[in-house]
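>>> Got a sequence here, can you model it:
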Amino acid sequence: MGKPTKLYRMPRLWLGLCLLCLTACGGSSEPEGRLNGSVNICSSSNPSQDYPQSANIRCLYRLDTGSLEFQAANSTRTVEFQGDTLYTLSTYVQQWDVATGEETLPADTEVKHTSFDNDEGLHFSQEYGYVGFSDGGRVYTDISVSDPLFESRGTGYKKVAYVDGWDMFAGYDNEALYFYDRATGEFISEQPIKQGISRVIGGQKSYATALSDQRIVIWPTAEDGEGLVLAGHGGEIIELVYSDDETLLASADRTGTVILWDLTTGEEIRRFQVEVSAAVPAVAIAFSPDNQLLVTNGKGPTVTMWSLASGEPVAELSMIKFGILDLDISPDGSKLAVGSAFGGKYDQNAQATSSADRLDPNRLESGPAFVFDISNVKP
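Numbering: from 1, shown residues only. This next block holds a predicted model:
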């Protein structure tokens, strides 16, 4: 790729406003409702039935996230490590001790259901830690609150990212970015994007916008607010992920192409091809903290771990019973969290007559989260 081109120049006034606004396998002991502190081992009978274990990857624990309420089971859409805590987002936001897999919220915490808009997201700040979750353009600052901090303006379907370096939430639709103060929810400014937007993520040094014309713009990359344009995808870009040090960016499109970018130069480093389907595109990506591994999902239940140096796969994990929606690697690089898709099979018009019906995995099962030991996976 040649010298990065300029998309357009951000107004100095807008940039100034931004800078002024500096984010064991048994059932549960509670057959209905929220699973407080439910910790299962990784397989109900034969581990190979769920996920064949390789010599260097083993399952540490399974977390039955979300709810077993009738007709309320859901997928674990987000998993994210923050220090010694693993956060999951399914029917609820939940917090788990990374070492033990025990839930760290008090059992009597009254948590909020999400509305299953397929745009639930967790948001974190290096300075403030957990700063809330978003759902269909609304941002909630705590897992138990009923009223959102704000609801993003705009037209059509709305999503939200968090820009840590400016301590702002960025709501967006297909036409513009709408920036809000993290502490107050106050609207700050609007940035129209005439090319259209498919994905936005925020970081400490910049925020990245995937455009509908299959380009990516990194804002800002210079004092004068010029955007860095990355071009190379041949399909709609559906995921963007920064490395921990924000020197690398990985992007995935609906064709299964994952591109690794050098954010200091704007150059493409290499690309990976992941097998995908229309139903399960390559939407989950995670960097190891040392920038040695890239982990992706793909068609069905496969997790692939790639060497960033060679571009070759170094390990694979197949979760036979569960599709994969999200991935994250712990800060020390030793653990991989996997959020899985809802796997229940039940008649939504039927009434469960007993607790056994609700706990029957062939009848109703939320997509759980799993944590694997990947300390022996080497690039």
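
>>> in the protein, which residue is closest to the centre?
Thr78 (4.6 Å; C-alpha atoms, centre = their mean).

>>> Quick check: phi and psi at that one.
phi -140, psi 130 (degrees, to the nearest 10).

>>> I figured it was touching Leu89, is that so?
Yes. Using C-beta atoms under 8 Å, Thr78 makes contact with Leu89 at a distance of 3.9 Å. From N, CA and C alone the C-beta is placed, and that goes for glycine too.

>>> Tell me how far the residue nearest to the centre of the chain lies from Pro379.
Distance, Thr78 to Pro379, by C-beta to C-beta, to the nearest Å: 26 Å.

>>> before we move on, what about Ser330?
From Ser330 to Pro379 the distance is 17 Å (C-beta to C-beta).

>>> Have a look at the two and say which one is more surrounded.
Higher neighbour count among Ser330 and Pro379: Ser330, with 20 against 17, using other C-beta atoms under 10 Å.

>>> before we move on, back to that, need the residues touching each of Thr78 and Leu89.
Shared contacts of Thr78 and Leu89, defined by C-beta atoms under 8 Å, 6 or more residues apart in numbering, comprise Glu120, Gly121, Leu122.

>>> and the first one, how many neighbours does it have?
By the criterion of other C-beta under 10 Å, Glu120 has 21 neighbours.

>>> What of the second one?
Counted with other C-beta under 10 Å, residues neighbouring Gly121 total 18.

>>> who touches the residue nearest to the centre of the chain in this structure?
Neighbouring residues of Thr78 by C-beta under 8 Å, 6+ apart: Tyr87, Thr88, Leu89, Glu120, Gly121, Leu122, Asp326, Gly339.

>>> of those, buried ones?
Among the contacts of Thr78, those buried by neighbour count (16 or more other C-beta atoms under 10 Å) are Tyr87, Thr88, Leu89, Glu120, Gly121, Leu122, Asp326, Gly339.

>>> Need the three-state assignment for Val79.
Under the three-state scheme (DSSP: H, G, I helix; E, B strand; the rest coil), Val79 adopts strand.

>>> What separation do you get for it and Ile329?
For Val79 relative to Ile329 (C-beta to C-beta), the value is 10 Å.

>>> what about this structure, any weak spots by pLDDT?
1-55, 67-73, 107, 114-118, 221-224, 343-365 (pLDDT under 70).

>>> Please repeat the previous calculation with a cut-off of 80.
1-56, 66-74, 106-119, 157, 221-226, 278-282, 299-300, 319-322, 342-366 (pLDDT under 80).

>>> the helices in it, which residues?
Per DSSP state H, the chain carries helices over the ranges 12-20, 47-50, 355-359.

>>> Make JSON lines out of the shared contacts of Thr78 and Leu89 and add distance to Gly234.
JSON lines is the format used below for those (distance: C-beta to C-beta, whole Å):
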{"residue": "Glu120", "distance to Gly234": "29"}
{"residue": "Gly121", "distance to Gly234": "26"}
{"residue": "Leu122", "distance to Gly234": "30"}
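
>>> so which of the residues you listed comes closest to Leu240?
Gly121 (12.7 Å; C-beta to C-beta).

>>> beta partners for that closest one?
Note on Gly121: beta-bridge partners by DSSP bridges are Ser134.

>>> Leu230 contacts Trp261, doesn't it?
Yes. Contact between Leu230 and Trp261 holds when scored by C-beta under 8 Å: they sit 5.4 Å apart.

>>> Overlap in contacts, these two.
Contact criterion C-beta under 8 Å, 6+ apart; residues shared by Leu230 and Trp261: Ile216, Leu249, Ser251, Glu268.

>>> Can you say which of these are buried?
For those, a neighbour count by 16+ other C-beta under 10 Å gives the buried set as Ile216, Leu249, Ser251.

>>> I am finished for the moment; much appreciated.
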